[in-house]
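Engineer: What shape does this take:
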Amino acid sequence: MSAGTAKRPAIHGILAEFLTPDAVVGAAERVRAAGYTKVDGYSPYPMEELAHALGLRRSLMPRLVLGGGLAGLLGGYGLVYWTSVIDYPLNIGGRPFHAWPSFIIPTFETTILLAAVTAVFGMLALNGLPRPYHPVFNVKAFEGASQDRFFLCVESEDPRFDQEETRHFLETLGASAVTEVEH
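Structural biologist: Predicted structure coming up:
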């Protein structure tokens, strides 16, 4: 390969910039209707309409947090039961060893603790965080995603992706700019 014919890097996808939330939601609906499946949307604030238009499935987070809470409930109650009844029973004023009302507060605390820890680590895992780099960061205009711009990125891994056809399709959706995203 000569110096003048350097191989062009493979692209991650094509990024379309929109000026209004309604425009990006309408474009997302049309992109999905056209059969694209590997599409991501970016906005300066959470938009339920955009997630719905992209066909994103419901989050796994509620089930994870419930599971963490139930584990905390069982673990906390089991810990207090084990220490008070089995491992180190103390007869204090004739109180029964399994005095469940006194177990409520530690059980509640471990339930909240494990649910919160599960929420934090579940959110990080499901969002793929920490992620210090993403190919869309290579596009200078993408800085607007944290301020006042809305973006759709059709990824090159999409089975329907054709570089020229996809670019033309995104341009017809009313995008203010359409840019290739390099790896």
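Engineer: what's the longest strand in the chain?
Structural biologist: strand 11-18 (DSSP state E).
Engineer: and the helix or strand that it is followed by, how far out from the chain's middle?
Structural biologist: Note on strand 11-18: by DSSP states H and E, the next helix or strand toward the C-terminus is helix 21-33. Here helix 21-33 is found 20 Å from its chain centre; the criterion is C-alpha atoms, centre = their mean, to the nearest Å.
Engineer: Do me a favour and average the pLDDT over helix 21-33.
Structural biologist: What helix 21-33 shows for mean pLDDT is 96.
Engineer: If you count contacts, what does the next helix or strand after that helix end up packed against?
Structural biologist: Toward the C-terminus, helix 21-33 is succeeded by strand 39-42 as the next helix or strand (DSSP H and E). Under the contact criterion of 3 or more C-beta pairs under 8 Å, 6 or more residues apart in numbering; DSSP states H and E, strand 39-42 touches helix 21-33, helix 48-53, strand 150-155. For every residue, glycine as well, the C-beta is placed using N, CA and C.
Engineer: what's in contact with the first one?
Structural biologist: It refers to helix 21-33. For helix 21-33, contacts defined as C-beta atoms under 8 Å, 6 or more residues apart in numbering pick out 16, 18, 39, 41, 43, 47, 49-50, 53-55, 150-152, 154, 169-170, 173-175.
Engineer: All set, thanks.
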